[in-house]
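Asker: Pasting a predicted model and its sequence here:
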Amino acid sequence: MKWFWKKMLLFAGCFVLFIMTAVTVFTILSKIEDAASNPKPPSVISPAAPASITFDDKPASRINILLLGIDDGDPDIANGAKRSDTMIVASVDPGEDTVNLLSIPRDTKVSIPGRSGNDKITHAFFYGGPKLSVRAVEANFHIPIDYYAVIDWKAFINVVDILGGVDMTVERDMDYEDPYENLSIHLSQGYQHLDGEKAGEYVRFRHDELGDIGRVERQQRFLTALTGQMLRAGTILKLPALVTTVSQYVQTDMSTFTLIRVANALKGIKSDSLHAEMLPGDFATVNESSYWVPDKAKAAQLVAELFGARAERSN
């Protein structure tokens, strides 16, 4: 029995690492923003009473976790006061040993519960922390969220270095400098070994014709490579250092029991069990501000495929 619990705790640690890894790969989003595309959020107003949302068709075994990346540490993240750089819904299906990931671009045009008009979904975290971000995802995309996890992007470099780096192909030369943001990206095209610093450059680069969308695609490719590295046998010896990093940079409302339960269910996961998608949509400029406007029909179809869920709203 003692070994059983030690085994469960080990799986719990691995699961936290898995979630943290998924987040950090997508967390390194650009802090280089156009004033036009990312205007300063307007002053906070008192939220109105939200509409009630009733979900159906959600598989009983499925667990949906909203993963939020922030650009630096904050002891009071529950109250927001900053924007989330990254938003991903991770859907864990214990019965199938699979994890589906839906990346929601930070500039996605949505209605934020309790606020008038439309806004960028990244501002939900600014107005009300992870709880309002959860409500925004549920209200706009009809995905029932069970838990959230918030991570500081600084964990990314630590995790990659602890795992020994990643070997992968950089698909193009990448060069970009911004002293104001302390951002220096210099990568050459070709197959190479990326340590934490270089991996950070790779997943942050967005200065090509595809912008943020190209960056999301690169992040997903890197996630696949890093997951394969994480699942190697030797990773178990690095678990203490990885868990230490997690404890420093991750905050979640998941209980230890929940982590153990889900981690146990995922003990058989393989790198090809990870399915990552991005919210369908297109760019649009509204009042001189750039948005990612969701394709509602395609988004609804993708949500049904990834999460097996739909929602009915009632006022």
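Answerer: That came through fine.
Asker: Now do the buried residues in stretch 200-219.
Answerer: 200-207, 212-216, 218-219 (16 or more other CB atoms under 10 Å). Any C-beta I mention is one placed from the backbone N, CA and C, and that applies to glycine too.
Asker: Could the C-alpha coordinates of it be exported in PDB?
Answerer: What follows is stretch 200-219, C-alpha atoms only, in PDB (Å, rounded to 0.1, in the frame of the first residue of the first chain):
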ATOM      1  CA  GLY A 200      12.800  30.500 -25.700                       C
ATOM      2  CA  GLU A 201      13.900  32.400 -28.800                       C
ATOM      3  CA  TYR A 202      12.300  29.800 -31.100                       C
ATOM      4  CA  VAL A 203       8.900  29.900 -29.500                       C
ATOM      5  CA  ARG A 204       8.800  33.700 -29.100                       C
ATOM      6  CA  PHE A 205       9.600  34.500 -32.700                       C
ATOM      7  CA  ARG A 206       6.600  36.000 -34.500                       C
ATOM      8  CA  HIS A 207       8.200  38.400 -37.000                       C
ATOM      9  CA  ASP A 208       7.400  36.700 -40.300                       C
ATOM     10  CA  GLU A 209       4.400  36.800 -42.600                       C
ATOM     11  CA  LEU A 210       2.200  34.700 -40.300                       C
ATOM     12  CA  GLY A 211       2.800  36.600 -37.100                       C
ATOM     13  CA  ASP A 212       1.100  35.100 -34.100                       C
ATOM     14  CA  ILE A 213      -0.400  32.300 -36.100                       C
ATOM     15  CA  GLY A 214       3.100  31.100 -37.200                       C
ATOM     16  CA  ARG A 215       4.300  31.400 -33.700                       C
ATOM     17  CA  VAL A 216       1.500  29.200 -32.400                       C
ATOM     18  CA  GLU A 217       2.400  26.600 -35.000                       C
ATOM     19  CA  ARG A 218       6.000  26.700 -33.900                       C
ATOM     20  CA  GLN A 219       5.000  26.300 -30.300                       C
END
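Asker: What helix or strand is residue 226 located in?
Answerer: Applying DSSP states H and E as the criterion places residue 226 in helix 211-230.
Asker: quick one: average confidence on that helix?
Answerer: Regarding helix 211-230, the rounded mean pLDDT is 76.
Asker: now stretch 113-127
Answerer: Stretch 113-127 comes out at a mean pLDDT of 93.
Asker: repeat for stretch 173-191
Answerer: 85.
Asker: After the helix holding residue 226, which helix or strand is next? Please name it.
Answerer: With DSSP H and E, the next secondary element past helix 211-230 is helix 239-249.
Asker: Next, the angle from that following helix to helix 211-230.
Answerer: Using axes from the mean of the first three to the mean of the last three CA atoms, to 10 degrees, the inter-axis angle of helix 239-249 relative to helix 211-230 is 150 degrees.
Asker: what comes up buried for helix 239-249?
Answerer: 242-243, 245-246, 249.
Asker: any idea which helix or strand comes after that helix?
Answerer: strand 250-252.
Asker: That next one packs against which elements?
Answerer: In terms of contacts (3 or more CB pairs under 8 Å, 6 or more residues apart in numbering; DSSP states H and E), strand 250-252 is packed against helix 2-27, strand 147-152.
Asker: partner strands of that strand, parallel or antiparallel?
Answerer: Using DSSP bridges, the strands paired with strand 250-252 in its sheet are strand 147-152 (antiparallel).
Asker: could you dump the following helix or strand past the partner strand to PDB, C-alpha only?
Answerer: Going down the chain from strand 147-152, the next helix or strand is helix 155-162, by DSSP H and E. The C-alpha coordinates for helix 155-162 follow below in PDB (Å, rounded to 0.1, in the frame of the first residue of the first chain):
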ATOM      1  CA  ALA A 155       9.700  28.300 -15.800                       C
ATOM      2  CA  PHE A 156      10.100  27.600 -19.500                       C
ATOM      3  CA  ILE A 157      13.900  28.000 -19.600                       C
ATOM      4  CA  ASN A 158      14.400  26.100 -16.400                       C
ATOM      5  CA  VAL A 159      12.300  23.100 -17.600                       C
ATOM      6  CA  VAL A 160      14.000  22.800 -21.000                       C
ATOM      7  CA  ASP A 161      17.500  23.000 -19.400                       C
ATOM      8  CA  ILE A 162      16.600  20.400 -16.700                       C
END
